[in-house]
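**Q** 3D model of this:
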Amino acid sequence: MKGGDIASLVGQIERTHAELTDALADPAVAGDRARFADLTRRFSALEPAHALAVRWRDASARVGEATELLAEGEDEDVRGLLREAEAEVAELEPAIREAMIEPDPNDDRGVIVEVRAAAGGDEAALFARDLMEVERRYAESRGFRVELLALSESEAGGVREATFAIKGRGAYSVFKFEGGVHRVQRVPATESQGRIHTSTATLAVLPEAEEVDVQIAPGDLRVDVYRSSGPGGQSVNTTDSAVRITHVPTGIVVSMQDEKSQLQNKERAMRVLRARLLERARAEQEQELRATRRSHVGTGERSEKVRTYNYPQNRVTDHRIGVNLALKEQVLQGQLGPLTEALQSDERRRRLEEQAGG
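**A** Numbers count the residues shown, from 1 in each chain. Now for the predicted structure:
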């Protein structure tokens, strides 16, 4: 909002609140379950901002009354009331602006996380496994449930790629900041001369979609079945239980082979496909609104990074916000809370700036 016109913002809140109140009292709306649910959600979301707006109106009125009284003659008690009312107005203005920041519509969802080893060969795969463990520990510490959907291991014991779900209300609001290129600097176990190597792994964090969120026409899918195989290509199943689903319009391909049942593998593949399609739609919408958009994951090159895990210095740095945490005592134990809180605060700050800029 240009010019920081708080009175205009308060007026907007009051008008919207009145419109929603009238609409919810309309018998025709009550008979439309979908519309009634949407209006109820919007009304509930606006309530905190409206409560602040009511307080701002009251405090502003007291400022006006005290100012008028002082124009008739100086009075120390009235002067004190004016100072109190002005302080309350000043305190409420930023609170109202923050309350009006629209939340990410996906914040309440669970997530599907895809981790892939990137630059660095076997060491990158070992780091990808470490990342999986960090995210699992963090999820469980926050009360979320982790469900492994797919896993492709390297011969050295690392993870080439894996897909897992983090289930629970609000998981996306916590884990969306984990997406991107993660870089590790350490001496690999196989390094005989003690040299530090740099490797990377990528995390893609997708809000999990329900069937009603993404409409997929059966004719848009090509489903292939084949025999699953383990590391090195050895057969681990004698039946065609592995499933590969191709979404023809977008070219997105999802493969699942970890379950012995073809039906279970197909169900898991569809969950991942829906999440990828929802993320694709979200990204396209965001691209329309913003001329420039940072890539969610990047290419995995060593120069691209959201976070660096420096083992010799026992430090993890999040490059988006410049915050450091102890590697062994905090991050490897899954204690990512300080990073999440700082990233959430940074997101609110950026949204406030966008709001102020119109």
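
**Q** low-scoring stretches of the stretch 201-350 of the chain, by residue?
**A** Along the stretch 201-350 of the chain, the model assigns pLDDT under 70 to residues 211-213, 229-239, 285-304.

**Q** ranges for the helices of it?
**A** 262-289, 337-356 (DSSP state H, counting those that start in this stretch).

**Q** right, and these - which one's nearest residue 176?
**A** Taking C-beta to C-beta, helix 337-356 is the member of the helices of the stretch 201-350 of the chain nearest to residue 176, at 8.8 Å. Every C-beta, even on glycine, is put in place using the N, C-alpha and C of the backbone.

**Q** Need the contact partners of that closest one.
**A** 1-2, 4, 97-98, 100-102, 138, 173-174, 177, 316, 318, 320-321, 323, 325, 330 (C-beta atoms under 8 Å, 6 or more residues apart in numbering).

**Q** hey, where'd the helices end up in the stretch 1-150 of the chain?
**A** Going by DSSP H, counting those that start in this stretch, the stretch 1-150 of the chain shows helices at 6-24, 27-30, 33-72, 76-99, 121-141.

**Q** Which strands or helices does the second one pack on?
**A** This points to helix 27-30. helix 33-72 (3 or more C-beta pairs under 8 Å, 6 or more residues apart in numbering; DSSP states H and E).

**Q** Next: the last one.
**A** In terms of contacts (3+ C-beta pairs under 8 Å, 6+ apart), helix 121-141 is packed against strand 111-117, strand 145-153, strand 159-167, helix 171-175, strand 180-186, strand 197-207.

**Q** Over to the third one?
**A** Packing contacts for helix 33-72, counted by 3+ C-beta pairs under 8 Å, 6+ apart, involve helix 6-24, helix 27-30, helix 76-99.

**Q** To residue 223, which of those helices lies closest?
**A** That would be helix 27-30 among those, by C-beta to C-beta, at 42.2 Å.

**Q** And that closest one, what's buried?
**A** By neighbour count with 16 or more other C-beta atoms under 10 Å, helix 27-30 contains the buried residues residue 29.

**Q** same deal with stretch 65-85?
**A** For stretch 65-85, a neighbour-count test (16+ other C-beta under 10 Å) marks 66, 69, 78, 81-82, 85 as buried.

**Q** Contacts for it, please.
**A** Contacts to stretch 65-85, defined as C-beta under 8 Å, 6+ apart, come from residues 59-60, 62-63.
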